[in-house]
Structure formats: C-alpha cells, structure tokens
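*Asks:* Coordinates only, no sequence provided:
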C-alpha cells in the first residue's frame, strides 16, 4: 500500500506541475484574486465574465478562475496524500526500510509549497515567488521519485562506475536544475517571445541589445507583475541566457551519454535521457518559432520535469550499493 500510494503521489505531483504550467501560461495566476477561496467562495462564482464581485477590484473571468481553482484542488489533494505517506512511514508501513527523514521533509516541503502558492496570488504573481513555486513543484516530484526508488529492488547486475563519471553525472544534474530555474524565470517574466519568432538569432542579430543589469532583479513587492514589467532588452537577456543554458546542458548530457555507454546496466536510462533531451530541445525551438502555443509550452514544462526525473533515476542506479 505504501509503494502504491507513493506511485499515485508521483502521478498526482506531475499533474499538479502540468496544471500549474497551464495556469501560468494561460495568464490565469490571478484568476482568483484571493486565497484559498475564489472571490470568497470555495468554487468559482456562478456569474458572467466581467462581473464585479463586491470587495474585489478584479472583474471575474470564469475560465481563468476555474484554471486556478482546479490547480488548487489538485495541489491540496497532493498535500494530503504526502501527509498520509509520512504517517504510514511513521508507523513503519513501508515494505522496505525507509527512514523518516525523506517522508518528513517531503511533508514539510509540500506545506511550504502551499505557502508559496498563496504568496503567488497575494503578491500579484511576483516573478521570484512564482519561479520559486514552480521549482518547488519540481522538487516535490523529485523527492517522491527518490522515495519510490528507495522502495524498489536493487539491480542484480551492477557495474562499477568511475568516480570522474559520477562527478560528471552530478554536474549534469546541477546544470539541468539551473536551466530549469532559468526556464521558470523566463516564463514568469514573459520573456519567451522577447526575441520574436527567431531562432537561433534574436531580433535579427546573434547578440541583440540586452540589459543584463535589470534582467535578474528581485523587484518590488506589491506591484502587479501580470504580463511582466521588464523592458524588452532585459527580457531578451533572459531569453538569450536560457538558450545558452540549453546549449550547455545539451552538451553535458551528450558527453554523459557518450562516456556512460560502456555501462550496460545503465543503457535503458541513457536511451530515455537522450530521447527526452531531443524532445525538450525540439519543443523549446517550437515555442519560439510558433509564438508560444500553449500545448507546446505546457509540454516543454512536462518534458523538463521528466528529464529531471530520468537523471535522478540514473543517479539512484549509479550510487546504489551492489547486491
């Protein structure tokens, strides 16, 4: 039961991340201007678009409100499931021995994630808060994945992995994580189309006019950041750094796959990582040249999470003790 519940939580966490991306990319982060209710109700008010609800300055947009509330319902369910997982671990229910540290930290982290969900609304989709909330969803899913991997059987076949290759694997994880953070910053600052529909060039140049000084400022609290406040040179700087980061991560993973090819017990993981990398790069390019279609943009978020989980799965295999 413990393992099945963890499996369910990973699927649910993945859905929550997808719903969060869909909400953000659909400009529905403020679809409900209060939290945890929506215009003071547990569901979206039964009224027409444009209706002014007493006590709220923002007119009702029903579709955006439901996007936000469905995301909240799913996230709340995930939080409850993670708390149940912690209590099962506390009672010693896992089939395989599991310390309380990981389930306990996961329970605390998902509560913190809920707080960032609240601040996303109350602080008017501040880019720093929204990016942190996005990364929190990735971290939550990764924690649950590691918990599930701990419950699995170790591979009978084991091949020693060189220390320098292990360092490369950890470095790749760090680079990928930083790229995901940069992707979140690109999205929350509405910088995805700051280069127009051009790739690999940007605004007709390989190195356009960019404002790096203002590209990564925290900004003031209390300002409405919906649709972004940065000037285009700052947004272009974010977009270009995201592209450079993608190139660095791609090279790192390609080198990783090449050097790890001799480890037969890791072959399936390497094939999966390679396929996800190709998909992610393709989706990133399509985001630009097709002017950010929401389906492609949401898939770009989903594949980023799958790529992260696949690298984490490889790390678990590499660092497991031989049986």
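*Replies:* Alright, I've got the coordinates. None of these values were measured; they are calculated from a predicted model. Numbering: from 1, shown residues only.

*Asks:* Distance-wise, check residue 56 relative to residue 45.
*Replies:* 10 Å (Cβ to Cβ, to the nearest Å). Bear in mind the C-beta positions are built from the backbone N, C-alpha and C, glycine included.

*Asks:* Equivalent analysis for residue 243, please.
*Replies:* Counting by Cβ to Cβ, the gap from residue 243 to residue 45 is 42 Å.

*Asks:* Was I right to think residue 66 contacts residue 31?
*Replies:* Yes. Look at residue 66 against residue 31 with Cβ atoms under 8 Å: they come within range, at 7.5 Å.

*Asks:* higher neighbour count, these two?
*Replies:* Neighbour totals were compared for residue 66 and residue 31, and residue 31 leads with 24 against 17 (other Cβ atoms under 10 Å).

*Asks:* pLDDT wise, what is the nearest residue to the more buried one once chain neighbours are set aside at?
*Replies:* In this structure, residue 31 finds its nearest non-sequential neighbour in residue 64, 3.2 Å apart by Cβ to Cβ, 6 or more residues apart in numbering. Among the per-residue scores, residue 64 shows a pLDDT of 97.

*Asks:* What is the neighbour count of residue 64?
*Replies:* 20.

*Asks:* Now do the contacts for it.
*Replies:* Shown in contact with residue 64 (Cβ atoms under 8 Å, 6 or more residues apart in numbering): 26-28, 30-31.

*Asks:* The helix or strand where residue 268 lies: how far from the chain's middle?
*Replies:* Residue 268 belongs to helix 267-289 when assigned by DSSP states H and E. Chain-centre distance of helix 267-289: 16 Å, with Cα atoms, centre = their mean, to the nearest Å.

*Asks:* what comes up buried for that helix?
*Replies:* Neighbour counts over helix 267-289 (16 or more other Cβ atoms under 10 Å) mark 269-270, 272-273, 276-277, 279-280, 283-284, 286-288 as buried.

*Asks:* ok, now stretch 196-206?
*Replies:* For stretch 196-206, burial by neighbour count (16+ other Cβ under 10 Å) applies to 196, 202-203.

*Asks:* same question, stretch 174-182
*Replies:* Going by 16+ other Cβ under 10 Å, stretch 174-182 has these buried residues: 175-177, 179-182.
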